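1. Got a predicted structure plus its sequence, pasted below:
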Amino acid sequence: MKKIAYLSFVAAISLPVIAVAEIPADLDTDADGVLTIDEVQASFPEVTSDGFSAMDLNADGVLDEDEVTAAQEAGLMPPTES
């Protein structure tokens, strides 16, 4: 029983790491793992500040990997290649 619990725990903590795609380096010019509005607009000049705010789900001023994925799935940001 302990072995099953351990394997379940390992699988549970591994899934988020597997599911998260990296932000492409050509977008994340300062390599800090998040995108600022300037970084987004450098590649996608059509993104307005209002559009960026709509993508910034937690309103922290940057887009993390989950927000980029959500924005792309919602059609707010073009898909990128990793």
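-> Nice, thanks for sending it over. Quick caveat, the model's predicted, so the values are computed rather than measured.
2. Excluding chain neighbours, give the residue nearest to residue 63 in space.
-> residue 35 (4.3 Å; CB to CB, 6 or more residues apart in numbering). Heads up, the C-betas are built off the backbone N, CA and C, glycines and all.
3. hmm, who's touching the strand or helix carrying residue 69?
-> Assigned by DSSP states H and E, residue 69 belongs to helix 65-73. The contact list for helix 65-73 (CB atoms under 8 Å, 6 or more residues apart in numbering) reads 20-23, 33, 35, 54-58, 63, 77-80.
4. Can you turn the buried subset of those residues into a selection I can paste into ChimeraX?
-> In ChimeraX, this line selects whichever of the contacts of helix 65-73 come out buried by 16 or more other CB atoms under 10 Å:
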select :23,35,55,56,63,77
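5. quick one: contacts for the residue nearest to residue 63?
-> Per CB under 8 Å, 6+ apart, neighbours of residue 35: 23, 27, 28, 62, 63, 68.
6. now the first one: how far from residue 80?
-> Right, the one you point to is residue 23. 8 Å (CB to CB, to the nearest Å).
7. quick one: low-confidence parts of this structure?
-> 1-21, 82 (pLDDT under 70).
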